[in-house]
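1. coords please:
(one chain, ligands or ions: 1)
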Amino acid sequence: MNQVPDYHHLPVLYEETLEAMGINPEGTFADGTIGGGGHSAGILERLAGQGRLYGIDRDADALKATLARLGEDSRLTLIQGNFHDALALLHDVTLDGALLDLGVSSWQLDNPDRGFSYHGEGPLDMRMDASQGMTAADWLNREEESAIRDALYQYADERWAARIAKIIAETRLQHPFETTGDLVRAVDRAIPRAVRQRDEGHPARRTFQAVRIAVNDEIAPLSQALEDWVSLMKPGGRFAVISFHSIEDRVVKQTFRRLERGCVCPPKLPVCVCGKQPQVRLPKGYPKTASACEAEENPRARSARLRVAEKL
Ligand SMILES: C[S@@+](CC[C@H](N)C(=O)[O-])C[C@H]1O[C@@H](n2cnc3c(N)ncnc32)[C@H](O)[C@@H]1O
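-> Residues are numbered from 1 along each chain as shown. Model prediction:
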């Protein structure tokens with residue numbers, strides 16, 4: 001697709017993130033989830049002629065939107081890839097600061113062709129990189145019922161996980177999943193009407209979150225990826241990570257704490273045998289959440305949490 005996507009996404013915690021990164025105008029920075037370039041526009045504004053910014057995204061359309069927004073800029077290098085592969089993508093780079101703004105963009109969510117949304121009908125795709133991997137429909141049509149149930153529990157705390165997985169397994173025998181509407185209807189059949197009416201929000205929102213996380217393998221590699229990003233930073237470099245749900249935020253919090261602590265020996269051991277040294281300092285005042293004003297203006301910001309680690 002050569003068209004530039006009509007990309008709408010308000011960057012969350014914008015000022016807080018740029019402040020947290022402490023941008024030095026001559027420094028080298030990376031945005032591992034550049035999306036439509038919202039945060040990166042601010043980074044570039046703060047960079048002088050010698051500054052560098054690497055922008056990564058899995059989604060080719062996001063990179064097109066960034067290029068359309070920021071234009072050709074000798075300081076900016078765009079890379080299509082997975083930030084989990086940062087060591088390979090940024091192999092000879094050392095960073096003064098980095099940002100990961102996790103999850104999906106509003107544009108991806110709102111675009112029915114991408115299959116992330118439980119509103120309206122679209123192909124049940126949900127891949128951030130639409131050029132590779134299994135679609136959500138393939139995943140739901142092929143995966144074991146128990147694996148679907150576990151994903152719903154683990155990635156979305158869905159208390160109707162077992163029933164939803166059972167209905168999915170029954171439904172696909174009659175008619176394979178193809179559209180977002182197929183999945184919404186399966187969830188509707190699984191969750192009792194009284195519960196659906198009582199609950200706030202759309203009944204399928206947790207299922208869509210869990211399936212998206214499973215299809216894009218968002219959680220299992222995250223902790224190692226965060227460690228890899230820290231290893232790319234210069235001493236004093238600031239690493240800012242924005243997460244949008246508790247499962248993701250827990251991984252960020254626990255990984256940063258582990259890197260802050262260094263030693264990972266069991267507390268029973270009288271002396272350290274692992275030899276691990278603290279790698280980061282966790283500046284005070286974090287996590288930061290959106291102000292009431294931002295949350296009102298941008299509902300996506302309500303669940304956002306910004307955490308920061310500074311390389312020692
Ligand atoms: C919340 S949006 C980022 C928005 C961006 N900060 C802005 O202001 O425009 C998240 C972006 O990260 C991308 N993404 C998610 N997981 C990724 C991964 N593992 N590797 C690379 N990009 C990823 C998505 O495709 C999406 O474009």
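
2. Every contact and neighbour count from this point should use C-alpha atoms.
-> Will do.

3. What mean pLDDT does stretch 137-145 get?
-> Taken as a whole, stretch 137-145 has an average pLDDT of 98.

4. same check, this time on stretch 22-31
-> Mean per-residue pLDDT for stretch 22-31: 97.

5. Touching that stretch from outside, list them.
-> Residues outside stretch 22-31 that contact it (C-alpha atoms under 8 Å, 6 or more residues apart in numbering): 40, 43, 46-56, 94-100, 238.

6. In PyMOL, select just the buried ones from these.
-> In PyMOL, this line selects whichever of those come out buried by 16 or more other C-alpha atoms under 10 Å:
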select buried, resi 40+43+46+47+51+52+53+54+55+56+94+95+96+97+98+99+100+238
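
7. where exactly do the strands run in the stretch 51-200 of the chain?
-> 52-57, 76-80, 95-101 (DSSP state E, counting those that start in this stretch).

8. List the contacts of stretch 256-267.
-> Outside stretch 256-267, the residues that touch it by C-alpha under 8 Å, 6+ apart are 227, 272-282, 309.

9. Return the subset of these lying in helices.
-> Glu227 (DSSP state H).

10. Could you list which of the contacts of stretch 22-31 also contact the ligand?
-> Ile56 (C-alpha under 6 Å from any ligand atom).

11. now that we have the contacts of stretch 256-267, which one has the most neighbours?
-> In terms of neighbours by other C-alpha atoms under 10 Å, those top out with Ala309 at 27 neighbours.

12. in the sheet, who's paired with it?
-> Ala309 has these beta-bridge partners by DSSP bridges: Phe239.

13. show me what contacts it?
-> Arg238, Phe239, Ala240, Phe256, Val280, Arg281, Leu282, Pro283.

14. cutoff 10 Å now
-> Contacts for Ala309 (C-alpha atoms under 10 Å, 6 or more residues apart in numbering) come out as 20-21, 97, 230, 236-241, 252-253, 256-257, 259-260, 279-283, 286.

15. Do the longest helix along the chain and the ligand come into contact?
-> Criterion DSSP H: the longest helix present in the chain is helix 246-261. No - applying C-alpha under 6 Å from any ligand atom, one finds helix 246-261 separated from the ligand by no less than 11.6 Å.

16. and the gap between Leu67 and Ala60?
-> Counting by C-alpha to C-alpha, to the nearest Å, the gap from Leu67 to Ala60 is 11 Å.

17. all helices for the protein, in order.
-> Under the criterion DSSP H, the chain contains helices at 14-21, 38-46, 60-70, 86-89, 106-110, 136-142, 145-156, 161-174, 180-190, 193-198, 205-215, 222-231, 246-261, 292-297.

18. Any residue of the first one touching the ligand?
-> Read that as helix 14-21. No - Helix 14-21 is not in contact with the ligand by C-alpha under 6 Å from any ligand atom; minimum separation 7.9 Å.

19. Going by neighbour count, list what's buried in that helix.
-> Within helix 14-21, the residues that count as buried by 16+ other C-alpha under 10 Å are Tyr14, Thr17, Leu18, Ala20, Met21.

20. dump the residue contacts of Asp138.
-> Contacts of Asp138 by C-alpha under 10 Å, 6+ apart are Leu124, Asp125, Pro176, Phe177, Glu178, Val215.

21. Which residues of the protein lie near the ligand?
-> Counting by C-alpha under 6 Å from any ligand atom, the chain comes close to the ligand at 9, 11, 32-39, 56-59, 62, 81-84, 101-105, 128.

22. if you set the cut-off to 5 Å instead, what comes out?
-> Within the chain, the positions near the ligand by C-alpha under 5 Å from any ligand atom are 11, 33-39, 57-59, 82-83, 103-105, 128.

23. before we move on, the earlier item: so which of the contacts of Asp138 is the most crowded?
-> Highest neighbour count within the contacts of Asp138, by other C-alpha under 10 Å: Leu124, with 26 neighbours.

24. ok, that residue touching Asn111?
-> No - if you go by C-alpha atoms under 10 Å, Leu124 and Asn111 don't touch, sitting 11.9 Å apart.

25. Can I get stretch 228-246 in PDB, CA atoms only?
-> What follows is stretch 228-246, C-alpha atoms only, in PDB (Å, rounded to 0.1, in the frame of the first residue of the first chain):
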ATOM      1  CA  ASP A 228      18.300  -5.200  26.100                       C
ATOM      2  CA  TRP A 229      17.300  -1.600  25.700                       C
ATOM      3  CA  VAL A 230      19.000  -0.700  29.000                       C
ATOM      4  CA  SER A 231      22.200  -2.400  27.700                       C
ATOM      5  CA  LEU A 232      22.100   0.000  24.700                       C
ATOM      6  CA  MET A 233      22.100   3.100  26.900                       C
ATOM      7  CA  LYS A 234      25.000   5.300  27.900                       C
ATOM      8  CA  PRO A 235      25.500   6.000  31.700                       C
ATOM      9  CA  GLY A 236      23.000   8.700  32.700                       C
ATOM     10  CA  GLY A 237      20.700   7.900  29.700                       C
ATOM     11  CA  ARG A 238      17.000   7.900  30.500                       C
ATOM     12  CA  PHE A 239      14.700   5.100  29.400                       C
ATOM     13  CA  ALA A 240      11.000   6.000  29.400                       C
ATOM     14  CA  VAL A 241       8.300   3.300  29.100                       C
ATOM     15  CA  ILE A 242       4.500   4.000  28.800                       C
ATOM     16  CA  SER A 243       2.200   1.000  29.400                       C
ATOM     17  CA  PHE A 244      -1.600   0.800  29.200                       C
ATOM     18  CA  HIS A 245      -2.700  -2.200  31.200                       C
ATOM     19  CA  SER A 246      -1.700  -3.800  34.500                       C
END
